[in-house]
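*Asks:* model this:
(one chain, ligands or ions: 3)
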Amino acid sequence: MKYTPEQLLHDPFLNKGTAFTAEERAKYGLNGLLPSAIQTLDQQVTQAYAQLESKPTPVAKRQFLMQLFNVNHVLFYKLFSEHIVEFMPIVYDPTIADFIENYSALFIEPQNATYLSIDAQDDMEAALRRSANGRDIRLIVVTDGEGILGIGDWGTQGVDIAVGKLMVYTGAAGIDPSQVLPVVLDAGTTRKELLEDDLYLGVRHDRIYGEKYHAFVDKFVATAEKLFPHLYLHFEDFGRANAADILNQYKDKITTFNDDIQGTGIIVLAGLFGAMNISKQKLTDQVYMSFGAGTAGAGITQRVYDEFLQQGMDPAEAKKHFYLVDKQGLLFDDDDTLTPAQKPFARSRSEFKNAAELTSLEAAVKAVHPTVLVGTSTQPGSFTQPIVAEMAAHTERPIIFPLSNPTKLAEAKAADLIKWTEGRALVATGIPAADVDYNGVTYAIGQANNALVYPGLGLGTIAATSKLLSDAMISAAAHSLGGLVDPDKAGAAVLPPVSKLDQFSKTVAIAVATQAVKDGLNEEPIADVKQAVADMQWSPEYRDLTDVEVED
Ligand SMILES: NC(=O)c1ccc[n+]([C@@H]2O[C@H](COP(=O)([O-])OP(=O)(O)OC[C@H]3O[C@@H](n4cnc5c(N)ncnc54)[C@H](O)[C@@H]3O)[C@@H](O)[C@H]2O)c1
Ligand SMILES: O=C(O)C[C@H](O)C(=O)O
Ligand SMILES: [Mn+2]
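*Replies:* Ligands and ions are numbered 1, 2, ... in the order given. Coordinates of the predicted model:
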């Protein structure tokens, strides 16, 4: 493609702004289109960072960063890579939730996303092709906006979760931003206030379910696979009624991944390994309770259960270690509202003398005495002091992960969990949590957010040219995160710190790619896995523009 000087300045993949060199300015007709000073990328980073710091709120910071992203990807990612701990909660969760809720009102720019409407499916192929604009797309994050974090259905406004997740892929694992595409499948919304909002930017009707919806998803998958044959297709924040079905439909056919089910399963299992390293206990001795057994809750349970089997326990024995609690209380097998993912873990009423009374988390904890309690319920504050105290009365090191996002939905605060258990709880949270000082010990709180693993998982799978994302690769990812925390240090976290995200994303990628090659899933020969992973990684540096043609 040929660019005019103006187009070059407004292409975020190529634009260097004030860092265009004198030669480039002369060659591409940029003299007079920029101030005359020539800056280095580092100078631009310093200047942009100072601007960022002057913004008063996380929302204002994110607005600034998105504008920067829209004009210059290299500068945005260079800044991100230098301030990863500070940027994660701004670019991604929790600030992204405020953006999704206010997406239409805040809209400035479509941010290279593809907006596919259930009402205009004939345009689908052209829309995807035009958005890609000739780029070799290797990674799509797609959402239908129905189950955004724990904040529910936001229709087309959910597109920002796809944009944000992709930014983390690049910031954490070095996925080339020119090889990705965020996509929203707009099938309407159940949220009345959006349908009544004049500003709402999505299709203005109730969410469509059933056959028509599935045909829409299927058409999207087929079209994306046709246009982009080396695609890793990441599904994000689909609703509980669809997420698992879509994954099961496609996981043995194409290279696909559901972050809420599989990514969250990996990070929680890795957190449990970390907890075991600290407590010196065995995973297969734990009694696991999931509070909020939806997409994430049931997905995590399945992953941990699979690990019990992998460690040699027989299925009937392993099942006895798992309890699901949802709105109705402890889940029993005579309940005809159970989802397919809940059914394998539902209990028999005959196991309990007081089964009819087990309709709350508190009653279930009293009856079961779990040693692990994972919250994916979207119910803020539901891990109350009495519940935590009851759990802690029956186990020396209660493992408690309140994972509901964003911040306002967390089942408990890390500081309370540490205090209520006199420092015995092993805690991880969904969003970043500050260290907790208690009785002279500083407790570091691990972040059990799938963002710690999905970038490396994707990088490894893509680098290996893997046909599928297999359970063995997923398991390899969970096992690879160990060894980065000193478990014997007082107050050690169960997971490695976000400050090392770029390093351990690479570790995860190598583990995953190694497994793919070991199982013969690679479509192309891979002589050296480490090299293949390194070759896939993009770094935020201004590239040579010799292959770019510019004409007046
Ligand atoms: N930390 C992470 O990496 C991570 C990953 C995925 C999801 N999550 C969080 O987990 C939460 C759930 O996400 P999801 O995708 O599984 O949603 P989902 O809607 O599929 O599941 C939520 C479940 O909670 C149940 N629930 C609702 N009210 C309840 C109550 N009062 N008591 C018990 N259960 C109740 C629902 O019935 C449902 O089964 C969200 O807040 C999300 O942000 C965190
Ligand atoms: O997006 C996140 O922060 C994690 C997770 O995918 C979620 O849905 O909460
Ligand atoms: Mn999610």
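
*Asks:* hey, let's count contacts and neighbours off CA atoms from now on
*Replies:* OK.

*Asks:* what residues does the stretch 201-350 of the chain put near ligand 1?
*Replies:* Arg240, Asp260, Thr264, Phe291, Gly292, Ala293, Gly294, Thr295, Ala296, Gly297, Asp326, Lys327 (Cα under 6 Å from any ligand atom).

*Asks:* Drop anything exposed from these.
*Replies:* Neighbour-count burial within those applies to Asp260, Thr264, Phe291, Gly292, Ala293, Gly294, Thr295, Ala296, Gly297, Asp326; the criterion is 16 or more other Cα atoms under 10 Å.

*Asks:* Restricted to strands, list these.
*Replies:* Counted as lying in strands by DSSP state E, out of these, are Phe291, Asp326.

*Asks:* of the buried ones among the residues of the stretch 201-350 of the chain next to ligand 1, closest to ligand 2?
*Replies:* Distance to ligand 2 across those (Cα to the nearest ligand atom) is lowest for Asp260, with 5.1 Å.

*Asks:* residues touching the closest one, list them.
*Replies:* Glu236, Asp237, Thr295, Ala296, Gly299, Asn450 (Cα atoms under 8 Å, 6 or more residues apart in numbering).

*Asks:* cutoff 10 Å now
*Replies:* Listed by Cα atoms under 10 Å, 6 or more residues apart in numbering, the contact partners of Asp260 are 147, 149, 235-238, 243-244, 266, 294-300, 449-450.

*Asks:* Gln157 too?
*Replies:* Listed by Cα under 10 Å, 6+ apart, the contact set of Gln157 reads 99-104, 107, 144-146, 148, 184, 186, 189, 194, 200-202.

*Asks:* Any quick PyMOL command for the buried ones out of these?
*Replies:* In PyMOL syntax, the buried subset of the contacts of Gln157 is picked out as below (16+ other Cα under 10 Å):
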select buried, resi 99+100+101+103+104+144+145+146+148+184+186+189+194+200+201+202
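
*Asks:* Next, count neighbours for the residue nearest to Met536 when sequence neighbours are not counted.
*Replies:* Distance criterion Cα to Cα, 6 or more residues apart in numbering; nearest residue to Met536, sequence neighbours excluded, is Ala463 at 5.9 Å. When counting by other Cα atoms under 10 Å, one arrives at 26 neighbours for Ala463.

*Asks:* residues in contact with Ala463?
*Replies:* Residues in contact with Ala463 (Cα under 10 Å, 6+ apart) are 457, 509-510, 512-513, 516, 522, 524, 526, 529-537.

*Asks:* hang on, Lys212 packs against Ala187?
*Replies:* Yes: at 9.5 Å, Lys212 counts as touching Ala187 under the criterion of Cα atoms under 10 Å.

*Asks:* Between the two, which contacts overlap?
*Replies:* Residues touching both Lys212 and Ala187 by Cα under 10 Å, 6+ apart: Ile118.

*Asks:* Looking at those two, which is more packed in?
*Replies:* Remark: of Lys212 and Ala187, Ala187 carries more neighbours, 27 against 12, as counted by other Cα under 10 Å.

*Asks:* which residues sit in contact with the more buried one?
*Replies:* By Cα under 10 Å, 6+ apart, Ala187 lies in contact with 116-119, 144-146, 155-156, 202-209, 212-213, 216-217.

*Asks:* Also near ligand 3: which of those residues, exactly?
*Replies:* Checked against ligand 3 using Cα under 5 Å from the ion, the contacts of Ala187 give no members in range.

*Asks:* So which of the contacts of Asp260 are in helices?
*Replies:* The helices, defined by DSSP state H, take in Ala243, Ala244, Ile266, Thr295, Ala296, Gly297, Ala298, Gly299, Ile300 from those.

*Asks:* Break the chain into its domains for me.
*Replies:* 84-239, 262-450, 452-536 (automatic domain parsing).

*Asks:* Please see if the first one touches ligand 2.
*Replies:* To tie it back to what came earlier, the one meant is domain 84-239. Yes: counting by Cα under 6 Å from any ligand atom, ligand 2 is contacted by domain 84-239 at Asp93, Leu149, Asp237.

*Asks:* Drop anything exposed from the contacts of Ala187.
*Replies:* Burial by neighbour count, judged by 16+ other Cα under 10 Å, picks out 116-118, 144-146, 155-156, 202-205, 207-208, 213, 216-217 from the contacts of Ala187.

*Asks:* Of those, which belong to helices?
*Replies:* Using DSSP H, the buried ones among the contacts of Ala187 in helices are Tyr213, Phe216, Val217.

*Asks:* ok, the second one touching Ile246?
*Replies:* This means Phe216. No: the pair Phe216 and Ile246 does not pass the contact test of Cα under 10 Å, sitting 11.8 Å apart.

*Asks:* quick revisit: can you redo the residues of domain 84-239 next to ligand 2 as JSON lines with pLDDT, distance to Glu357 and neighbour count?
*Replies:* Output for the residues of domain 84-239 next to ligand 2, formatted as JSON lines (pLDDT from 0 to 100; distance: Cα to Cα, whole Å; neighbours: other Cα atoms under 10 Å):
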{"residue": "Asp93", "pLDDT": "95", "distance to Glu357": "37", "neighbour count": "23"}
{"residue": "Leu149", "pLDDT": "98", "distance to Glu357": "31", "neighbour count": "24"}
{"residue": "Asp237", "pLDDT": "98", "distance to Glu357": "33", "neighbour count": "27"}
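
*Asks:* helix, strand or coil for whichever residue of the stretch 401-550 of the chain sits closest to ligand 2?
*Replies:* Residue nearest to ligand 2 within the stretch 401-550 of the chain (Cα to the nearest ligand atom): Asn405, separated by 4.8 Å. Taking DSSP: H, G, I helix; E, B strand; the rest coil as the rule, one finds Asn405 in the coil state.

*Asks:* confidence score at it?
*Replies:* Per-residue pLDDT puts Asn405 at 96.

*Asks:* distance of it from ligand 1?
*Replies:* Distance from Asn405 to ligand 1, counting by Cα to the nearest ligand atom, to the nearest Å: 4 Å.

*Asks:* where does Ser81 land in three-state SS?
*Replies:* Taking three-state DSSP as the rule, one finds Ser81 in the helix state.

*Asks:* you'd agree it is up against Val498?
*Replies:* No: Ser81 lies out of contact with Val498 (Cα under 10 Å); the separation is 11.8 Å.

*Asks:* so who does Val142 touch?
*Replies:* So, once contact is read as Cα under 10 Å, 6+ apart, Val142 ends up touching 113-114, 158-159, 161-163, 165, 181-185, 220, 233-238, 258.

*Asks:* Which members of these occur in strands, if any?
*Replies:* Among the contacts of Val142, the ones falling in strands (DSSP E) are Thr114, Leu181, Pro182, Val183, Val184, Leu185, Leu233, His234, Phe235, Glu236, Asn258.

*Asks:* Tell me how many other residues surround the second one.
*Replies:* Residue crowding around Leu181 was assessed by other Cα under 10 Å; the count is 24.

*Asks:* so what's the closest residue to Val180 other than its chain neighbours up against?
*Replies:* Of all residues not flanking Val180 in the chain, Leu139 sits nearest, at 4.8 Å (Cα to Cα, 6+ apart). If you count contacts by Cα under 10 Å, 6+ apart, Leu139 has them with 166, 169, 175-182, 228, 230-234, 256, 458-459, 462.

*Asks:* what's the most buried one of the domains of the chain?
*Replies:* Each of the domains of the chain was scored by mean neighbour count; the highest is domain 452-536, a mean of 21, by mean count of other Cα atoms under 10 Å.

*Asks:* Does that domain reach ligand 1?
*Replies:* No: using Cα under 6 Å from any ligand atom, domain 452-536 stays clear of ligand 1, coming no nearer than 8.4 Å.

*Asks:* and that domain, how far from the chain's centre?
*Replies:* What separates the centre of domain 452-536 from the centre of its chain is 15 Å, taken as Cα atoms, centre = their mean, to the nearest Å.

*Asks:* please renumber so the chain begins at 329
*Replies:* Taking 329 as the first residue, the last one we looked at is domain 780-864.
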